[in-house]
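> the following comprises the amino acid sequence and a computationally predicted model.
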Protein chains: 2
Amino acid sequence: MFELLKTDGAARRGRLTTPHGVVETPAFMPVGTRATVKSLGPDDLVAAGSQIVLANTYHLFMRPGHALVRELGGLHRFMAWPGPILTDSGGFQVFSLSKLRTVDEEGVRFRSPVDGSLHALTPELSIEVQHALGADVIHPLDEFLANPATREDTERSLERTLRWARRSQDAHARGPGGQALFGIVQGGAYADLRVRAARETVALGFDGYAVGGMAVGEPKPVMYELTATVTALLPSGQPRYLMGVGKPEDLVESVARGIDMFDCVLPTRNARNGQAFTRDGTLTIKQARYERDPAPLDADCSCYTCRNFSRAYLRHLYMADELLAYRLLSLHNVSFFNGLMSAMRAAIEGGAFEPFRARFFSRYAVSSDVVSREDISSAEA
Amino acid sequence: MFELLKTDGAARRGRLTTPHGVVETPAFMPVGTRATVKSLGPDDLVAAGSQIVLANTYHLFMRPGHALVRELGGLHRFMAWPGPILTDSGGFQVFSLSKLRTVDEEGVRFRSPVDGSLHALTPELSIEVQHALGADVIHPLDEFLANPATREDTERSLERTLRWARRSQDAHARGPGGQALFGIVQGGAYADLRVRAARETVALGFDGYAVGGMAVGEPKPVMYELTATVTALLPSGQPRYLMGVGKPEDLVESVARGIDMFDCVLPTRNARNGQAFTRDGTLTIKQARYERDPAPLDADCSCYTCRNFSRAYLRHLYMADELLAYRLLSLHNVSFFNGLMSAMRAAIEGGAFEPFRARFFSRYAVSSDVVSREDISSAEA
């Protein structure tokens, strides 16, 4: 189901074929936490050039519940997105969002932030939930450690994640079929543990490989280096997904290191905070300098927002708390991320990824060289 | 610029031609208070079948200011709505929303709710602001009295409104031309004052006539009767606009009494409160009965929302405070209002308005027989 079409250095141009359509890679997935990419309809996602969206297993498990989604015909029909969908395992969210959680070999127990009810999530249940949701790509429950974590804790955790991965494979084998199962490579900030995790996850054999748990607070070069360490060990014929990443510069640097798929809340969350991505960097729409600015957000962009609306109008909407501001800024930002991926695909096809990368960085103002929490966020609470 | 194509009893089928396009009447105008119909883009308005939108002079005068809108190319370009636009005079809002207001013959002084700054609105300034905004149909500043008002106060007020109307005509004559100026018929709940207001407003000579100040708290039949009293005195060759009205049943009853144009916040405001309009009446999406309901909001509706989404999904979005809920419910409600107008136009054309009206009421559950504040609201604060 994955075809590697062309390489250019470590950068890869591929094609992922799913039951709900084709994803040309490298690809970006906007985050539809609760079966909706915040403020955007499926029509907007199509207009923004999205090929695939991510939904969060944890959030949908909590509300409205996977049984209801299955009863309504599965996630594709429920959210009226006929294209490919990827769900995460719920691991990251259950560890970072829920309260009163206890973890043991069996799984995680926690309280719902929606109604305080008690729940347990096991590798088997996560797969069962994802079978009910029916996404095209699903993931095994993994343990997530907050950064910084000791080497000892990280090693213990990756061993548990590997055992849970095997249990997930068994559970998946009992499922309806048709859904791809990706393995998750953990290992924290320890290169040797990343190597071990990559080798042992590959040995288990998955349809693709996710790289998880990139460390908040680390310098960006460390994250990029760890990514390269992992991708070097993954089979070339299968897709690689860097979970929750990231900023435009991270996408370019990670494609340069062999990553095929990304997801991040940045385009939509930052849109709701009034920040737009442009070829020159980011732009904060509430600034007084845009009050009378007749230009579009990005003169090079051909999205619906940039074709029709001035910065002055978008600033007016944003300052007045008008809901349309969130939709128009989100639509632009998702278009920008998808457009960046499309430009990288073209560059790789033409054997010109390095000049593309140089051109990108000659223009784009990078905002930080440290990994922040929002750079690797896969869910919008 | 107005053509009366057909009548059926007092119901009228007409066509209003403006510099930005044609409006087939009877027509409904969604309310775009701050140069945006809340939660909907111009693309949504087109998809919902809107021919014309209303914007509020008072709100745009306060923020972002008419000078800025003019500088950005006028309201049509600013909000990227290329079709016809109508602006009210700001009278209703300055009297109902602003603080510390003092009224005299010259105009109204008030404090901005945005920044507390002092402003004065005169008939001349209202016209100047509306010239800057550049709507296709504009209105003279009128005085608005809260209900109940004594006969004496109402009479004094309508006399002032008439004097302001003359001043507005003089100011309009000094303008750029091309914009239609409608007169506003006041007179409160007093039929004889409505008669006087109608006669004297018509004597001044306008491009169309608005009926303003329908009384909150009155029984609906009283409002309908006053409407009929006024329309009987208006010239048949010009459009009649019932300001701020109303519920679906009010639209049908007022078309039956010769009204051509309506605006109201109900479809968008109620959408944000989770209420959808259907042929059977209204539906409150948060109700538990819709939790697993796979049906669309209205089985007879062909809007984007009803073509794609179940009540269960819309309820899920609404319960999770997802922004998409507001857009999808607003899109449906505006489509419903526009569809109702379209059905009435077809009925009048076919000489079958009375059977249409009977059929509508045999199915639609009317929720109240008293005029409520929200039934006659022309602005969304």
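That came through fine. As the structure is a prediction and not an experimental result, all values here were calculated from the model.
> confirm that A:S157 sits in a helix.
Yes - under DSSP: H, G, I helix; E, B strand; the rest coil, A:S157 sits within a helix.
> checking A:F262 next. Helix, strand or coil?
strand.
> what's across from it in the sheet?
A:F28, A:L242 (DSSP bridges).
> list the contacts of it.
A:P26, A:A27, A:F28, A:M29, A:Y241, A:L242, A:V245, A:G246, A:L251, A:S254, A:M341 (C-beta atoms under 8 Å, 6 or more residues apart in numbering or on different chains). From N, CA and C alone the C-beta is placed, and that goes for glycine too.
> ok, A:A10 next?
Counted by C-beta under 8 Å, 6+ apart, A:A10 has contacts A:A228, A:T231, A:A256, A:R257, A:G258.
> relative to chain B, how far out is it?
Applying C-beta to the nearest C-beta, to the nearest Å, one obtains 38 Å for the distance of A:A10 from chain B.
> quick check: the gap between the spatially most central residue of chain A and chain B.
Centroid-nearest residue in chain A, with C-alpha atoms, centre = their mean: A:D263, separated by 1.8 Å. Separation of A:D263 from chain B (C-beta to the nearest C-beta): 18 Å.
> swap in A:E152?
A:E152 sits 39 Å away from chain B, going by C-beta to the nearest C-beta.
> what number of residues lie near the residue nearest to A:E354 when sequence neighbours are not counted?
Leaving aside its chain neighbours, A:E354 sits nearest to A:G9 (6.7 Å; criterion: C-beta to C-beta, 6 or more residues apart in numbering or on different chains). When neighbours are counted by other C-beta atoms under 10 Å in any protein chain shown, A:G9 registers 14.
> contact partners of the helix or strand of chain A with the lowest mean pLDDT?
Every helix and strand in chain A was compared by mean pLDDT, DSSP states H and E; the lowest is strand A:99-103, with a mean of 80. With contact meaning C-beta under 8 Å, 6+ apart, strand A:99-103 is reached by A:V94, A:F95, A:V108, A:R109, A:F110, A:R111, A:P113, A:E143.
> just to check, the fifth one is in contact with A:L121?
Yes - if you go by C-beta atoms under 8 Å, A:F110 and A:L121 touch, sitting 7.2 Å apart.
> intersection of neighbour lists for these two?
In contact with both A:F110 and A:L121: A:V94, using C-beta under 8 Å, 6+ apart.
> could you dump the contacts of A:A10 into CSV with distance to chain B, neighbour count and secondary structure added?
Output for the contacts of A:A10, formatted as CSV (distance: C-beta to the nearest C-beta, whole Å; neighbours: other C-beta atoms under 10 Å in any protein chain shown; DSSP: H, G, I helix; E, B strand; the rest coil):
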residue, distance to chain B, neighbour count, secondary structure
A:A228, 38, 17, helix
A:T231, 35, 22, helix
A:A256, 35, 20, coil
A:R257, 35, 22, coil
A:G258, 35, 21, coil
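> what does A:R109 show for phi and psi?
phi -110, psi 140 (degrees, to the nearest 10).
> got a list of what it touches?
A:L100, A:R101, A:T102, A:V103, A:L118, A:H119, A:A120.
> which one of those sits closest to chain B?
A:H119 (17.5 Å; C-beta to the nearest C-beta).
> and what about the closest one, helix, strand or coil?
strand.
> what about it, how many residues nearby?
17.
> please tell me how far it sits from B:D104.
Noted for A:H119: a distance of 66 Å to B:D104, by C-beta to C-beta, to the nearest Å.
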